[in-house]
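1. After the sequence you'll find the predicted model.
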Amino acid sequence: QVQLVESGGGSVQPGGSLRLSCAASGFTFRSYAMSWFRQAPGREREYVARITPSGDITTYADSVKGRFTIARDNVKSTIYLQMNSLKPEDTAVYYCNVLIWGNYYWGQGTQVTVSS
């Protein structure tokens with residue numbers, strides 16, 4: 001079965017950096033685009049970034065463009081989200097996501113807290 005396991009969250013001061021990871025299993029990882037989403041308290045889940053199966057094309061939400069970088073390792077079946085210049089408004093639970101045959105799969109999420 002499809003499994004997505006996020007890690008790397010934590011607490012950081014404004015301006016700091018974190019790198020999130022999402023380890024995938026149960027499907028042919030190299031064949032699917034992967035995405036990161038986030039959900040802040042009291043808010044709807046929102047799109048953050050997406051990467052194509054080969055990793056050649058990446059897209060970002062305007063709110064993170066220039067600060068976050070999505071990447072993938074198709075040998076390790078893992079995607080990453082490098083987050084720099086973090087702001088308090090980046091505080092959220094971060095989820096990785098894959099769409100397979102019309103079904104969305106999510107990990108359990110990893111908490112990122114940006115606070116002084």
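-> Sure, I can see it. Keep in mind the model is a prediction, meaning the values are calculated, not measured.
2. Please count neighbours and contacts with C-alpha atoms only from this point.
-> Fine.
3. from memory residue 97 sits against residue 34, does it?
-> Yes: taking contacts as C-alpha atoms under 8 Å, residue 97 lies within contact range of residue 34: 5.9 Å.
4. ok so residue 89 is a helix residue?
-> Yes: the assignment for residue 89, made by DSSP: H, G, I helix; E, B strand; the rest coil, places it in a helix.
5. What number of residues are in the vicinity of it?
-> For residue 89, the count of nearby residues is 12 (other C-alpha atoms under 10 Å).
6. what about it, distance to residue 13?
-> From residue 89 across to residue 13, the span is 12 Å (C-alpha to C-alpha, to the nearest Å).
7. shared neighbours, the two?
-> Here residue 89 and residue 13 have residue 114 as joint contacts, going by C-alpha atoms under 8 Å, 6 or more residues apart in numbering.
8. on that earlier part again, so for residue 97 and residue 34, which residue has more residues nearby?
-> residue 34 (25 against 21).
9. contacting residues for that one?
-> Here residue 34 is in contact with 50, 51, 52, 53, 79, 96, 97, 98, 99 (criterion: C-alpha under 8 Å, 6+ apart).
10. host element of the closest residue to the first one other than its chain neighbours?
-> The shortest distance from residue 50 to any non-neighbouring residue, by C-alpha to C-alpha, 6 or more residues apart in numbering, is to residue 35 (4.2 Å). Using DSSP states H and E, residue 35 maps to strand 34-39.
11. how about stretch 78-92: buried residues?
-> Neighbour counts over stretch 78-92 (16 or more other C-alpha atoms under 10 Å) mark 78, 79, 80, 81, 83, 84, 86, 87, 90, 91, 92 as buried.
12. Work out which residue lies at the spatial centre of the chain.
-> residue 36 (3.1 Å; C-alpha atoms, centre = their mean).
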